[in-house]
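K.L.:
From the sequence below, what's the structure:
(one chain, ligands or ions: 1)
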Amino acid sequence: MKLELLAENLGFQQKDGAFSKQILGYKASLVMYKIPGSYVKIPMVIFVFSQTIDKEQTKKIAKAAGLKGAIKESVALQDNAILTQAKFGKKEKFDAHLEKLAITFKELDLKELDYCPYCGQTETDGIRVIKGAAVHVHDACVKDFVEKVTTHLETVGTSKENLLKSILYAVVGGFVGLLPSIIILAFVGFYSAWLFILIPFAAFYGFKKGGAQRGSYVMVIIALISFILAPGFMVYAYAEYAAAYNYTLAEAFEIAEFRAEFLTDLAMSVLFTAIAVSVSWKTIYKQTHGQIKKDIEELKG
Ligand SMILES: [Zn+2]
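P.N.:
Presented below is the predicted three-dimensional model:
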């Protein structure tokens with residue numbers, strides 16, 4: 001869907017390279033937002049604030065947002081923005097939704113970001129579009145920030161110190177994340193895709209504990225560990241099952257029923273791992289250098 005068309009439909013004006021309008025004193029910007037772990041982009045509206053939105057505030061905002069939802073985003077500062085879904089339809093109805101949110105922002109005493117997020121000064125001389133919202137900055141501050149971060153990524157960021165330790169910790173973490181699935185499977189005899197989600201998260205937690213730099217390749221390591229552990233456990237469980245009847249896995253595989261069951265379970269475990277990896281992707285990616293590089297690219301303009 002063309003953003004211009006939706007902007008016209010919902011009454012957003014193009015200004016400073018972004019689509020925005022004022023809602024009870026708050027600037028709302030219309031943006032295209034990528035759904036975590038997919039290639040789907042949906043139109044959303046973003047509000048940017050001068051401070052991090054805490055858990056309590058998030059809860060209240062989510063309640064006010066209802067079905068249209070509220071997602072936290074970082075715009076130059078940490079978790080200082082709120083996204084809500086934008087849809088084609090009656091402008092008045094959508095405005096009412098945005099006003100409801102704005103009233104909640106007021107109640108929570110959230111202030112709009114009205115200073116340069118890099119130095120804190122209010123007199124600014126430049127504008128950057130960050131995550132679809134126009135942010136007032138100092139050109140010099142952005143330049144400094146980009147340089148500093150780029151240098152950091154190129155020096156400290158490429159260090160391989162602790163990498164092996166981190167990978168080992170990630171494998172251990174992955175095993176710990178697999179445990180609930182093993183227990184459930186052993187006692188109840190079914191899988192839960194939601195339990196599989198623990199595997200990538202636990203593996204990533206392990207990686208962080210190891211203390212290595214978090215380059216973009218961490219995503220590959222986490223995905224690999226998840227895809228080896230979960231289906232690997234399936235194969236192990238079936239080998240044990242076959243051994244109980246004094247068969248090797250290869251011998252048991254000759255039995256059509258065993259083969260069918262094995263292949264179904266293997267396919268399911270691969271599918272569930274894929275779901276788990278894709279669902280956890282955005283949360284993990286946010287904590288890697290990949291995200292920082294992307295943010296920096298946006299700032300360079
Ligand atoms: Zn500044």
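
K.L.:
Rounded mean pLDDT for the helix or strand residue 263 falls within, please.
P.N.:
Secondary structure assigned from DSSP states H and E places residue 263 in helix 256-285. Averaged over helix 256-285, pLDDT sits at 92.

K.L.:
list the helices and strands it packs on?
P.N.:
helix 193-196, helix 198-210, helix 218-243 (3 or more CB pairs under 8 Å, 6 or more residues apart in numbering; DSSP states H and E). All C-beta atoms are positioned from the backbone trio N, CA, C, and that covers glycine.

K.L.:
buried residues in the second one?
P.N.:
Counting neighbours by 16 or more other CB atoms under 10 Å, one finds that the buried residues in helix 198-210 are 198, 199, 200, 201, 202, 203, 204, 205, 206, 207, 208, 210.

K.L.:
Which one of those residues is nearest to residue 129?
P.N.:
Of all the buried residues of helix 198-210, residue 129 sits closest to residue 204, with 30.3 Å by CB to CB.

K.L.:
Relative to the ion, how far out is the closest one?
P.N.:
Distance of residue 204 to the ion, given as CB to the ion, to the nearest Å: 33 Å.

K.L.:
give the contact list for that residue.
P.N.:
170, 173, 218, 222, 280, 284, 287 (CB atoms under 8 Å, 6 or more residues apart in numbering).

K.L.:
Put together a markdown table for those residues, with neighbour count and distance to residue 248 on each row.
P.N.:
A markdown table is the format used below for the contacts of residue 204 (neighbours: other CB atoms under 10 Å; distance: CB to CB, whole Å):
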| residue | neighbour count | distance to residue 248 |
| --- | --- | --- |
| 170 | 27 | 31 |
| 173 | 26 | 31 |
| 218 | 25 | 37 |
| 222 | 27 | 32 |
| 280 | 25 | 35 |
| 284 | 23 | 38 |
| 287 | 14 | 43 |
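
K.L.:
Max pairwise distance over those: which two?
P.N.:
173 and 287 (14.1 Å).

K.L.:
And the helices and strands packed on helix 256-285, which one averages the lowest pLDDT?
P.N.:
Among these, helix 193-196 scores lowest, at a mean of 82.

K.L.:
got the residues of the stretch 101-250 of the chain near the ion?
P.N.:
Where proximity means CB under 5 Å from the ion, the interface of the stretch 101-250 of the chain facing the ion comprises 116, 118, 119, 138, 141.

K.L.:
what's the helix or strand for the first one?
P.N.:
Following DSSP H and E, there is no helix or strand that holds residue 116.

K.L.:
That one reaches residue 124, doesn't it?
P.N.:
Yes. Contact criterion CB atoms under 8 Å: residue 116 and residue 124 qualify, at 5.1 Å.

K.L.:
Just want to know which of the two has more residues nearby.
P.N.:
residue 116 (22 against 17; other CB atoms under 10 Å).

K.L.:
re earlier: what do residue 116 and residue 124 both touch?
P.N.:
By CB under 8 Å, 6+ apart, the residues touching both residue 116 and residue 124 are 136, 137, 138.

K.L.:
any idea how far residue 43 is from the nearest residue to residue 97 once chain neighbours are set aside?
P.N.:
Using CB to CB, 6 or more residues apart in numbering and skipping the chain neighbours, the partner closest in space to residue 97 is residue 68 (6.0 Å). Here residue 68 is placed at a distance of 11 Å from residue 43 (CB to CB, to the nearest Å).
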